[in-house]
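Undergrad: sequence and computational prediction follow.
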Amino acid sequence: MTAAWMTAILLSAAMVVASVRLILWHRSASAPSPRRLIALLLLQPVCGILLFLTLFPPATTMSSDALRIATRGTSRLAAGPMVLLPEAPDIGAGEHVPDLATALRRHPGTSEIIVLGDGLPPRDMEAARRVAVRFEPRPLRQGISHVAPPTLVAPGSSFSLGGQLSALPRTTVELLDPAGQVTDSVQADADGRFALTGTARAAGAVLFTLRVRDGRRTIEQANVPLLVVDSPAPRLLILSAAPNAEVKYLRRWAADAGFAVTTQMSAGGGIALGDAPIAMDGATLRRFDAAIVDDRSWAARRGVLMDAARNGLGLILHPSGPIDATTRGQWQALGFGLTGKGGVAPLALPKPLAPTIARTRQGIGSDDRPADLALPDEMLPEISRLGLTPEGESAVPLLRDAGGVTLAAWRAVGSGRVALFTGIDSYALTLTGHRALHGDWWSAMLATVARPAPGMTPITTPGWAGERMILCGLTAPAEVEGPDGRMANLLPVAGCGAFWPEQAGWHQLRRAGDDQATPFYVQPANALPVMRAARDRDAMLMLRPPASGDKAAMGKPVPGSPWPFAIGWLLASALLWWLERARVGRAPAPQSAR
């Protein structure tokens, strides 16, 4: 008979004796409580079972040639032999190694590793591909698990920032500009996803702030780097069959946004208005990056415009009113499945922004009507759209109104892009308190379809101080200048070089033969911990798991950790001790007669 069996028999006998004692005590007590007796009888076997599991914890399966690797977030109650990486907490016993490759060299023949905690950092991913990896990810803590900032933004233009929260549904997320002013505030959806909008100001490397709040309490706050690059003014061509308010306000917005605008309008009878007439041929259109064309101008120049789009010109088509069957068929032939009743339909607008956010985004007062058309509210124009939805298998939705109806979609045509916008009188947005929305819509469409301009290649890989980064796109030795001015040399291998940032802040990547440095931001070591854990977890799940037929996967049993059972036994024993001595269920002591 083994020691485990003997201990189990002794504990069972002790539980039986204790239960009999409780029953006898219950019968002799005055005004006994059945609930008290049931609770005491149930706690007896619970204490006995937990004590047995503490003395003889259940075995876990581990191969004789498998290494247990402790990483960041490993429980301090973990027991058994293991290898401690530098990120692992100080849990006492264990072999300390600088990285996984060193551990594998010290233990030759290892074919499987068991990773504890949050997972291996990027430094050890290459070494982990040589062995089978057993990893059970833990649920992420509350915090920011993903942030997707824009790569490059032009000065004065708006941008969108998306992300996701972990275990924080319906939580308020705010975006603060470098001056600390709230530019946008939204509530995350049930899955924690959110999208925020901001406006870039002067060119340079700036830091916005992402803040997650629960009421007045700030849950997490992190820096969001943004590169505002002043590039040559995009060249925009606006074609309209007649002068109208849509062209007037669109030209005004484009000029304020930094576009080099050329307008061509027809007044009938061969009379042209706008800028100096230009020849509408392929050579002329190659000088432009994008063109905005209404339905009647499209009908007259369809062939030359499509040839220019195939050669890289960004083309935005929009109706000036209800379209005829011919135009509808031509736009459907471009890949836009126009569905709906046709005609004109109302356009659903979002709720107005809070006054402070509106002033921050627009830089003006709450009433943004231009001085030359300050109409009373009852005379303001209505905002409408074409009663057709530009959807289709090859079309990508670009804009939606507040009701979820697709307003704009785009598709690739040759080396260029064509977008279809169904808004008829978007200029009215500037007269009804939605000037920022008018700019956001046209800025999003032009940024999507316009011919790309040559410029710097941004570094989108997030980095943390004290952790290795991989910088790619290197054709020759390069240098990185830190925030303190110190230089670090990069020796590229297969076009990429490793860099270990020592401090947080903006760094400058200087490539040989390139006079323009590429700024990139390094987060502090303690910033965005949930995002780092999510990155490591996702990378771990892509590693090779042990197969069912592997010798290492079959493994052998080893004793597990007794600490969870010991803590449970201690709590159950304390509850049993208190319940036996408490006055719960006992009759009150009789009062002596005076």
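TA: On my side now, so go ahead.

Undergrad: next secondary structure element downstream of the helix ranked longest in the chain?
TA: Looking across the chain with DSSP state H, the single longest helix is helix 3-28. Note on helix 3-28: by DSSP states H and E, the next helix or strand toward the C-terminus is helix 34-55.

Undergrad: and the gap between residue 541 and residue 128?
TA: Plainly put, residue 541 is 12 Å away from residue 128 if you go by CB to CB, to the nearest Å. Every residue, glycine included, has its C-beta placed from N, CA and C.

Undergrad: what about these two, which has more around it?
TA: residue 128 (22 against 12; other CB atoms under 10 Å).

Undergrad: quick one: the strands in the stretch 151-300 of the chain?
TA: Along the stretch 151-300 of the chain, counting by DSSP state E, counting those that start in this stretch, strands occupy 152-153, 158-166, 172-176, 182-187, 193-199, 204-214, 217-228, 235-240, 260-268, 271-274, 290-294.

Undergrad: output the ones you listed in a markdown table, with mean pLDDT and distance to residue 41 appended to each entry.
TA: Output for the strands of the stretch 151-300 of the chain, formatted as a markdown table (pLDDT from 0 to 100; distance: least, CB to CB, whole Å):
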| stretch | mean pLDDT | distance to residue 41 |
| --- | --- | --- |
| strand 152-153 | 86 | 70 |
| strand 158-166 | 92 | 43 |
| strand 172-176 | 97 | 50 |
| strand 182-187 | 94 | 50 |
| strand 193-199 | 93 | 50 |
| strand 204-214 | 95 | 44 |
| strand 217-228 | 95 | 45 |
| strand 235-240 | 95 | 84 |
| strand 260-268 | 88 | 86 |
| strand 271-274 | 79 | 94 |
| strand 290-294 | 96 | 81 |
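
Undergrad: show me which residues of stretch 297-307 are buried.
TA: 297, 298, 301, 305, 306 (16 or more other CB atoms under 10 Å).

Undergrad: kindly reformat those as CSV containing distance to residue 147 and pLDDT.
TA: Output for the buried residues of stretch 297-307, formatted as CSV (distance: CB to CB, whole Å; pLDDT from 0 to 100):
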residue, distance to residue 147, pLDDT
297, 42, 93
298, 40, 94
301, 43, 92
305, 39, 96
306, 39, 95
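
Undergrad: dump the residues you listed into CSV; add distance to residue 411 as well.
TA: Below are these laid out as CSV (distance: CB to CB, whole Å):
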residue, distance to residue 411
297, 20
298, 16
301, 20
305, 15
306, 13
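
Undergrad: residues contacting residue 115?
TA: Residue 115 makes contact with 69, 71, 133, 134, 135, 540 under the criterion CB atoms under 8 Å, 6 or more residues apart in numbering.

Undergrad: repeat that for 10 Å
TA: Applying CB atoms under 10 Å, 6 or more residues apart in numbering to residue 115 gives the contacts 67-71, 74, 85, 100, 124, 128, 133-137, 536, 540, 543.

Undergrad: can you select the buried ones from those in PyMOL?
TA: Selection of buried members from the contacts of residue 115 for PyMOL, criterion 16+ other CB under 10 Å:
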select buried, resi 67+68+69+70+71+74+85+100+124+128+133+134+135+137+536+540+543
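
Undergrad: so of the contacts of residue 115, which ones are in helices?
TA: 100, 128, 536, 540.

Undergrad: lowest-confidence one in the residues you listed?
TA: Among the ones in helices among the contacts of residue 115, residue 536 carries the weakest pLDDT, at 90.

Undergrad: which residues sit in contact with that one?
TA: Counted by CB under 10 Å, 6+ apart, residue 536 has contacts 71-73, 87, 115, 117-122, 124-125, 135, 137.

Undergrad: out of those, who's nearest residue 436?
TA: Among the contacts of residue 536, residue 122 lies closest to residue 436 (CB to CB), at 39.3 Å.

Undergrad: number of residues surrounding the closest one?
TA: 16.

Undergrad: how far away is the residue nearest to it when sequence neighbours are not counted from residue 123?
TA: Spatial nearest neighbour of residue 122, excluding adjacent residues (CB to CB, 6 or more residues apart in numbering): residue 468 at 6.2 Å. Distance of residue 468 to residue 123, given as CB to CB: 5 Å.

Undergrad: those two: which is more packed in?
TA: residue 123 (18 against 15).

Undergrad: got a list of what that one touches?
TA: 85, 86, 87, 98, 99, 100, 101, 467, 468, 498, 500.

Undergrad: show the buried residues in those residues.
TA: 85, 87, 100, 467.

Undergrad: that older thread, which residues are in contact with both of residue 468 and residue 123?
TA: By CB under 10 Å, 6+ apart, the residues touching both residue 468 and residue 123 are 99, 498, 500.

Undergrad: looking at the chain, which helix or strand is least sure?
TA: For the chain, counting by mean pLDDT, DSSP states H and E, helix 551-554 ranks last in confidence among helices and strands (a mean of 46).

Undergrad: what about the helices in the stretch 401-550 of the chain?
TA: 435-449, 529-541 (DSSP state H, counting those that start in this stretch).

Undergrad: could you figure out how far the first one is turned away from strand 290-294?
TA: Helix 435-449 and strand 290-294 are oriented at 120 degrees to each other (axes from the mean of the first three to the mean of the last three CA atoms, to 10 degrees).

Undergrad: re earlier: tell me, what's touching residue 541 and residue 128 both at once?
TA: 119, 135.

Undergrad: re earlier: for residue 390, state which of the shared contacts of residue 468 and residue 123 is nearest.
TA: residue 498 (46.4 Å).

Undergrad: and the pLDDT at that closest one?
TA: pLDDT, read off for residue 498, is 90.

Undergrad: let me see the contact set for the spatially most central residue of the chain.
TA: Nearest to the geometric centre of the chain sits residue 163, at 2.6 Å (CA atoms, centre = their mean). With contact set as CB under 10 Å, 6+ apart, residue 163 has these partners: 144-149, 173, 188, 192-196, 210, 212, 222, 224, 531.

Undergrad: at 7 Å what do you get?
TA: By CB atoms under 7 Å, 6 or more residues apart in numbering, the residues touching residue 163 are 144, 146, 147, 148, 194.

Undergrad: that older thread, would you mind finding the most buried of the strands of the stretch 151-300 of the chain?
TA: Greatest average neighbour count among the strands of the stretch 151-300 of the chain goes to strand 290-294 (a mean of 25), per mean count of other CB atoms under 10 Å.

Undergrad: identify the residues contacting it?
TA: With contact meaning CB under 7 Å, 6+ apart, strand 290-294 is reached by 234, 236-241, 250, 305, 313-320, 446, 449-451.

Undergrad: if we go to 8 Å?
TA: 234-241, 250, 285, 301, 305, 308, 313-320, 446, 449-451.

Undergrad: pull the CA atoms of that strand into CSV?
TA: Provided in CSV are the C-alpha atoms of strand 290-294 (Å, rounded to 0.1, in the frame of the first residue of the first chain):
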residue,chain,number,x,y,z
ALA,A,290,-6.9,63.6,-59.0
ALA,A,291,-10.0,64.8,-60.8
ILE,A,292,-13.6,65.4,-59.5
VAL,A,293,-16.1,65.1,-62.3
ASP,A,294,-19.9,65.4,-62.3
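
Undergrad: gap between it and the chain center?
TA: 33 Å (CA atoms, centre = their mean, to the nearest Å).

Undergrad: wait, what's in contact with the residue nearest to the residue nearest to the centre of the chain when sequence neighbours are not counted?
TA: Computed as CB to CB, 6+ apart, the closest residue to residue 163 that is not its neighbour in sequence is residue 147, at 4.3 Å. Residue 147 makes contacts with 161, 162, 163, 210, 222, 224, 528, 531, as judged by CB under 8 Å, 6+ apart.

Undergrad: which strand residues bridge the second one?
TA: What it means is residue 162. Note on residue 162: beta-bridge partners residue 148, residue 195, judged by DSSP bridges.
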